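**Q** Task: produce atomic coordinates for the following.
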Amino acid sequence: MKRSFVNEVIREADAFMRSFGVILPPFAHWSPDRVRGPDGALIRDRRMGWDITDYGEGRFDELGLFLFTARNGVADDLARGRGMLYAEKYMISRAAQMSPMHRHNIKAEDIINRGGGTLVIELFAPDARGDIDRDAQVTVLTDGCPRTFDPGAHLKLTPGESVTLLPGVWHAFWAEGADVLIGEVSTVNDDVTDNVFETPIARFSTIDEDCTPLHLLVSDY
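**A** Residues are numbered from 1 along each chain as shown. This next block holds a predicted model:
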């Protein structure tokens, strides 16, 4: 992706979130130099901030996702079972824009439709090896209520609804009808090592530096 395109996505995403009353933390608007400096040490270490990916495929409108990590703990605390064990993200899935099939080894997450269109989530259970089980039903919690689905079923979340996805549960998602603002509340987030994709694919994009960055991405750290 070109840096100029990334800058435009950031501007559009900020305006979209504000339309739903979401105001990002102050560090979201820091200059690249400030994020690179001593003030940004924890932000860089915990990989908080802007994240825009086309999964290395160059088809952002079809295969991509906008994310902003607002807060994040550390793996050491998670291993100890005490400390900052949680993370929070905002995401935007554009209409008909796929986030590809994947699972997490460690992270449990609530995915929340915060507004816009319908969020569609395709679900599979893992088999004994952690691969997709195309024969087994999968059970998830939707706002505290357990629901069981056939393999590959499409769970549809309207604004205000959410689903809890435990480690190992395979999922892909996209917006239907209109762009969707997504909230994610989870255990500590590690996008470098804790994303397992069905098909090998890049989690972070290669950036063509055709202009200066408006704000740094977590992949710039």
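**Q** by contact count, what packs against the helix ranked longest in the chain?
**A** In the chain, assigned by DSSP state H, the helix with the most residues is helix 3-18. Packing partners of helix 3-18 (3 or more Cβ pairs under 8 Å, 6 or more residues apart in numbering; DSSP states H and E): strand 49-53, strand 65-72, strand 86-93, strand 170-187. (Glycine included, C-beta is placed from N, CA and C.)
**Q** so for the longest one, what's the average pLDDT?
**A** Think strand 170-187. Averaging pLDDT along strand 170-187 gives 98.
**Q** and the angle for that strand with strand 86-93?
**A** For strand 170-187 against strand 86-93, the angle by axes from the mean of the first three to the mean of the last three Cα atoms, to 10 degrees is 140 degrees.
**Q** Tell me what angle strand 170-187 forms with helix 3-18.
**A** 70 degrees.
**Q** swap in the second one?
**A** Counting by the same axes, to 10 degrees, strand 65-72 lies at 70 degrees to helix 3-18.
**Q** Flag every buried residue along the following helix or strand past strand 65-72.
**A** Downstream of strand 65-72, the first helix or strand assigned by DSSP states H and E is helix 75-80. For helix 75-80, the neighbour count (16 or more other Cβ atoms under 10 Å) marks Leu78 as buried.
**Q** heads up, I number from 46, so please use that
**A** Okay, using 46 as the starting number, the last item reads as helix 120-125.
**Q** Could you check how far helix 120-125 is from the centre of its chain?
**A** 21 Å (Cα atoms, centre = their mean, to the nearest Å).
**Q** thinking again about what came up before, with distance to Leu261 and mean neighbour count as extra columns, can I get the helices and strands packed on helix 48-63 in CSV?
**A** Converted to CSV, the helices and strands packed on helix 48-63 look like this (distance: least, Cβ to Cβ, whole Å; neighbours: other Cβ atoms under 10 Å):
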stretch, distance to Leu261, mean neighbour count
strand 94-98, 7, 23
strand 110-117, 12, 21
strand 131-138, 17, 20
strand 215-232, 21, 20
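**Q** what packs against the worst-scoring helix or strand of the chain on mean pLDDT?
**A** Least confident helix or strand, the chain: helix 120-125 with a mean of 91, by mean pLDDT, DSSP states H and E. Here helix 120-125 touches no other helix or strand, going by 3+ Cβ pairs under 8 Å, 6+ apart.
**Q** Can you pull out the residues in contact with it?
**A** Contact with helix 120-125 is made by Gly128, Met129, Leu130, Ile151, Thr232, Val233, Asp235, as judged by Cβ atoms under 8 Å, 6 or more residues apart in numbering.
**Q** Contact partners for the residue of the chain positioned farthest from its centre?
**A** In terms of distance from the mean C-alpha position of the chain, Asp180 ranks first, at 27.1 Å (Cα atoms, centre = their mean). Asp180 is in contact with Pro196, counting by Cβ under 8 Å, 6+ apart.
**Q** For Val119, grab the count of nearby residues.
**A** By other Cβ atoms under 10 Å, 16 other residues sit near Val119.
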